[in-house]
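S.K.: Give me the fold of what follows.
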Amino acid sequence: MDTNSLRHLICLAPIKDVTITILVDEVRNKVLFVQAGKDFIDGLLSFLTLPLGTIARLIGKDYKFGSISSLYESVTDLDEENFWSPLQKELLVRPVNSMERYCQHFKLNIDDTEKLRSFKCGDKECTRPKKRTCNCIKIMRDELCKVNFITKRGFVPKTATFTVSDDLNVKPDNSKSCISLPKYLGCGDINTIKIVTVEVTRKEILELVLSALLSSKPLTDVFLSNILEIQYAKRANVLDLRDDNIGARLVRNTIEVKATVRKYDNKILYVLGEEDFADLLLSFLTFPLGAVENLLNGNSGLDNIDNLFKSMVDLDPQRYFNCKADLLSKQVKYNFGGKNYIKNPSTYMVTDELVITPGSSISSFSFLSERKIRLSNLEERVISIGNREALCLLKASLISKSALTDGLGPFLANKDKKVSN
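M.R.: Modelled structure (predicted):
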């Protein structure tokens, strides 16, 4: 894996006392599993605390994280005048990690965002606590102040050890869940298995984030091959999502957008929407990966991350993971809340890969003209976006470079209407 583009993003000073033991199949050049203690497992589980915008920033422009990367890049290009305040843009480009109190002392912490901060409310009559979740008049949220909190010492106990498979299934290394060697060896020869001790730095953890998103064998890619084998995106299956047991709602009121659709394959080229649609998309950047998994019931389509999330859920909260409740619920409460980022009234154009720009009739014409698309091949549809559609769009944004088509396309047939001429 070429990581030159990643190195400038984070301090890569060696951490000499973080080591892991790897069981390697030398014939297949594959990591069978890793045995690791607190420092590595804390770093691995911290992936679930990273906001999507932070992940897009950390992996940089050389790799694409679904459509989230293009959404992030387009937000960085938006003029500050489009936002209620410069602070609104800052919190999208460098979103706050709401689990900072747990992660602050990690030896392998890769989140270089400023420490947990909160809004300093400018409304003297506001009686709400002066914290980031304050929902008073948005234009008065113009400053950030430091938050003093009692830090936690990571996620898992210092005395426990764990095993991690190549697809990021994590289990306590105890008598009840210890690895079955015959399962991993199959018909292989135990003489082909090698035990290797590896020193881990923040560099490897940063590479592991990238591999966990894009590869089918992240541990092998990072610790053996040093080559990222990208697992090409599969078409997002969004219709398997259910929203009947979701605690937080992405959409409080139905959002309507006007979609320009290519007739012969129902590809959504772009949509025009108002500030409510722009706010929905921009809010994706603030969602922690674990909160997204929780919203999607562990069915994000990111197989390694799904495995990591399900492993965390299965860990005994009394014995191995006593902060599980915080990671499952606090992040949702902290980051979801129908926040308004974009000034109103305004219109935005959003392309299939979630590039967002100020929209107008002229911008639509320019888009079609640059691509030499004939108007006779197009039709306009109005799509109504409720909570289910928003969840489907969120899932598609994680794994598809055609997020609008994959996320909203399945609803074109029965939940939209053609625009009258």
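
S.K.: Endpoint to endpoint, stretch 20-39 covers what distance?
M.R.: 10 Å (CA to CA, to the nearest Å).

S.K.: Ok, stretch 284-294 next?
M.R.: Length of stretch 284-294, first residue to last, CA to CA: 14 Å.

S.K.: How about residues contacting that stretch?
M.R.: Here stretch 284-294 makes contact (CB atoms under 8 Å, 6 or more residues apart in numbering) with 47-53, 55-56, 68, 71-72, 75, 91-93, 95-99, 295, 300, 305-306, 309, 312, 327-328, 331-332, 335-336, 339, 394, 397-398. (Each C-beta comes from the backbone N, C-alpha and C, glycine too.)

S.K.: Can you list which of these are found in helices?
M.R.: Mapping the contacts of stretch 284-294 onto helices (DSSP state H) picks out 52-53, 55-56, 68, 71-72, 75, 91-93, 295, 305-306, 309, 312, 331-332, 335, 394, 397-398.

S.K.: Work out for me the element M349 sits within.
M.R.: If you go by DSSP states H and E, M349 is part of strand 347-351.

S.K.: Who does that strand pair with, and is each partner parallel or antiparallel?
M.R.: Paired with strand 347-351 in the same sheet, following DSSP bridges, are strand 267-274 (antiparallel), strand 356-358 (antiparallel).

S.K.: What residues sit buried inside that strand?
M.R.: By neighbour count on 16 or more other CB atoms under 10 Å, the buried set for strand 347-351 is T347, Y348, M349, V350, T351.

S.K.: Kindly report the same for stretch 255-270.
M.R.: Within stretch 255-270, the residues that qualify as buried are I255, V257, K258, A259, T260, V261, I268, L269, Y270, counting by 16+ other CB under 10 Å.

S.K.: Please enumerate the helices of the stretch 51-200 of the chain.
M.R.: Secondary structure of the stretch 51-200 of the chain (DSSP state H, counting those that start in this stretch): helices at 52-59, 68-77, 86-93, 100-103, 181-185.

S.K.: Poorly predicted segments of the stretch 201-350 of the chain, please.
M.R.: Scanning the stretch 201-350 of the chain with the threshold set as pLDDT under 70 gives 231-237, 239, 241-248, 329-338.

S.K.: And the helices in it?
M.R.: Taking DSSP H, counting those that start in this stretch as the test, the helices found in the stretch 201-350 of the chain are 202-214, 218-220, 275-283, 289-295, 303-314, 324-325, 331-335.

S.K.: mind checking which of the ones you listed is nearest D79?
M.R.: Judged by CB to CB, the one of these that comes nearest to D79 is helix 275-283, at 13.4 Å.

S.K.: can you name the two of the buried residues of stretch 255-270 that are farthest apart?
M.R.: Farthest apart among these by CB to CB are I255 and L269. That separation is 18.9 Å.

S.K.: coming back round to it: columns mean neighbour count on top of the helices of the stretch 201-350 of the chain, output as a markdown table?
M.R.: Output for these, formatted as a markdown table (neighbours: other CB atoms under 10 Å):
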| stretch | mean neighbour count |
| --- | --- |
| helix 202-214 | 23 |
| helix 218-220 | 24 |
| helix 275-283 | 22 |
| helix 289-295 | 24 |
| helix 303-314 | 20 |
| helix 324-325 | 14 |
| helix 331-335 | 20 |
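
S.K.: any idea how far P157 is from L315?
M.R.: 11 Å (CB to CB, to the nearest Å).

S.K.: ditto for P86
M.R.: Counting by CB to CB, the gap from P86 to P157 is 42 Å.

S.K.: Which one's more surrounded, those two?
M.R.: Counted by other CB atoms under 10 Å, P86 and P157 do not tie: P157 has more neighbours, with 16 against 11.

S.K.: residues touching the more buried one, list them.
M.R.: K38, R319, Y320.

S.K.: List only buried entries from those.
M.R.: By neighbour count, with 16+ other CB under 10 Å, the contacts of P157 hold K38, Y320 as buried.

S.K.: Format the contacts of P157 as TSV; extra columns: distance to D111.
M.R.: TSV is the format used below for the contacts of P157 (distance: CB to CB, whole Å):
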residue	distance to D111
K38	18
R319	27
Y320	23
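
S.K.: What residues does the residue positioned nearest the centre of the chain make contact with?
M.R.: Nearest to the mean C-alpha position of the chain, counting by CA atoms, centre = their mean, stands L52 at 3.4 Å. L52 makes contacts with F65, I68, Y72, F284, L285, T286, F287, P288, L289, V292, L398, as judged by CB under 8 Å, 6+ apart.

S.K.: Could you double-check that the second one sits in contact with A56?
M.R.: Yes: judged on CB atoms under 8 Å, I68 makes contact with A56 at a distance of 5.2 Å.

S.K.: Strands of the chain, residue ranges please.
M.R.: 19-25, 30-36, 117-121, 141-146, 162-165, 170-172, 193-199, 255-262, 267-274, 347-351, 356-358, 378-385, 416-418 (DSSP state E).
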